[in-house]
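Novice: Please work out how this folds:
(one chain, ligands or ions: 1)
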Amino acid sequence: MSRLVTVGAAQLGPIQRSDTRQDVVQRLLALMTEADHRSCDVVVFPELALTTFFPRWFEPDITKADHFYETQMPSPITQPLFDTARKLGIAFCLGYAELTQDGHRYNTQVLVGKDGSFLAKYRKVHVPGHEHHEPDRPFQHAERYYFEPSQDGFGVWKAFGGRIGMMICNDRRWPETYRVMGLKGVEMILCGYNTPLHYAPDPTQDKLQSFHNSLVMQSGAYQNGTWVVGVAKGGLEEGVASLGDSAIIAPSGEIMAQAQTTDDELLTHRCDLDWCNNYKNTLFDFDRYRRPDMYTSITAQRGAVID
Ligand code: CDT
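Specialist: Residues are numbered from 1 along each chain as shown. As a prediction, the model looks like this:
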């Protein structure tokens, strides 16, 4: 028996500051329509998919950036996404900046079901970058100013006949992200990202952006026996070049589909969730082979610690 989920990784090209939400929603709807033609069950959009990646600018009065955030989901502008999900019978996963009623700011991703109903919300745990203006950088990465890290941790939800998890961009670089979800039996992780090619704190990493992106998602998939769907907002956005390379990765760690452009592009794959068991029940049978007693405390280690 197979549990098949056809997933669409809906990569976006750049969103410029002058692009309206309505413009962007039209692009997302076009990708959903194409996903329908390609029989997708679920479409995954990138991190902060409704606006330009605004943490590249430092705005000392944060309230002047409020217009980049959503205060409700759906809103009158995003409602067509929910209506289209229901009409086409396609679920979607969408990243956006969230401003809550009580003034909290999160980097958020929602999962919406095939009937247009809300299934799950995830807020980014690993928030990278810096809190203060750093004028020597060619552009800012002030995510830690614009977003607070989530205290909710990593959820795994039952959907599409399997166990679905979510993570956002920098989360994908941390093995704990995958392992916490892996311990909850995750079978498909949905991840949106915005990754500038230039990393100001250590430019030697610039040429490795594509390699590191694949490295972390392929190893996270393999070591936890799960599908990983990584979806970029790529291309040249407000003068900043960002990585494309969206990919659908199997529990074997193999890339089954990968973006060829840094523009709006839909990649699809028919994912068999039962393939996860080939890894979860063998090499990565956690109950049989993991050694949590060896991981919980450094004092549990009998080996030498070299000063
Ligand atoms: N959006 C996001 O998390 N981007 C980071 C960029 C590197 S940290 C400045 C990433 O991990 O891809």
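Novice: and the stretch 151-300 of the chain, which of its residues are near the ligand?
Specialist: Contact residues (CB under 6 Å from any ligand atom) of the stretch 151-300 of the chain with the ligand: 169-170, 173, 193-195. In this view, the C-beta of every residue, glycine as well, is placed from N, C-alpha and C.
Novice: please redo it, this time with the cut-off set to 8 Å
Specialist: Residues of the stretch 151-300 of the chain lying close to the ligand (CB under 8 Å from any ligand atom) are 168-173, 193-196, 199-201, 209, 213, 243.
Novice: Keep only those of these that are in strands.
Specialist: Under the assignment DSSP state E, those contribute 168, 193 to strands.
Novice: show me the contacts for residue 45.
Specialist: Contact analysis of residue 45 by CB atoms under 8 Å, 6 or more residues apart in numbering lists 10, 12, 28, 31, 92-95, 192, 231.
Novice: Distance-wise, check it relative to residue 92.
Specialist: Per CB to CB, to the nearest Å, residue 45 is found 7 Å from residue 92.
Novice: Same check on residue 247?
Specialist: When CB to CB is the yardstick, residue 247 and residue 92 sit 18 Å from each other.
Novice: Worst mean pLDDT across the helices and strands of this protein, which element?
Specialist: Here the helix or strand of the chain ranked lowest by mean pLDDT, DSSP states H and E is helix 292-295, holding a mean of 92.
Novice: Could you pick out which of the residues of the stretch 151-300 of the chain next to the ligand are located in helices?
Specialist: Of those, the ones assigned to helices by DSSP state H are 209, 213.
Novice: Filter the residues of the stretch 151-300 of the chain next to the ligand down to the buried ones, ChimeraX style.
Specialist: For the buried members of these, the matching ChimeraX selection, counting by 16 or more other CB atoms under 10 Å, is:
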select :168,169,170,171,172,173,193,194,195,196,199,200,209,213,243
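Novice: from the residues of the stretch 151-300 of the chain next to the ligand, which is closest to residue 159?
Specialist: residue 168 (17.7 Å; CB to CB).
Novice: give the contact list for that closest one.
Specialist: So, once contact is read as CB under 8 Å, 6+ apart, residue 168 ends up touching 47, 95, 107-109, 122, 124, 191-193.
Novice: Next step: those restricted to strands.
Specialist: In this view, the contacts of residue 168 that belong to strands under DSSP E are 95, 107-109, 122, 191-193.
Novice: Now pLDDT and distance to residue 259 too, for those residues, in a markdown table please.
Specialist: What follows is the ones in strands among the contacts of residue 168, written out as a markdown table (pLDDT from 0 to 100; distance: CB to CB, whole Å):
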| residue | pLDDT | distance to residue 259 |
| --- | --- | --- |
| 95 | 99 | 17 |
| 107 | 99 | 22 |
| 108 | 99 | 23 |
| 109 | 98 | 19 |
| 122 | 98 | 23 |
| 191 | 99 | 14 |
| 192 | 99 | 13 |
| 193 | 99 | 12 |
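Novice: Among those, which one has the most neighbours?
Specialist: Among the ones in strands among the contacts of residue 168, residue 192 has the most neighbours (other CB atoms under 10 Å), with 32 neighbours.
Novice: Next up, the contacts around the nearest residue to residue 53 once chain neighbours are set aside.
Specialist: In this structure, residue 53 finds its nearest non-sequential neighbour in residue 194, 4.6 Å apart by CB to CB, 6 or more residues apart in numbering. When contacts are counted by CB under 8 Å, 6+ apart, residue 194 touches 46-48, 53, 169, 232-233, 242.
Novice: which of the residues you listed lies closest to the ligand?
Specialist: Of all these, the ligand sits closest to residue 169, with 3.3 Å by CB to the nearest ligand atom.
Novice: ok so, going back, between the ones in strands among the contacts of residue 168, which is closest to the ligand?
Specialist: Distances from the ligand to the ones in strands among the contacts of residue 168, taken by CB to the nearest ligand atom, are shortest for residue 193, at 5.5 Å.
Novice: thought the closest one was touching residue 49?
Specialist: No. Applying CB atoms under 8 Å, one finds residue 193 not in contact with residue 49, separated by 10.7 Å.
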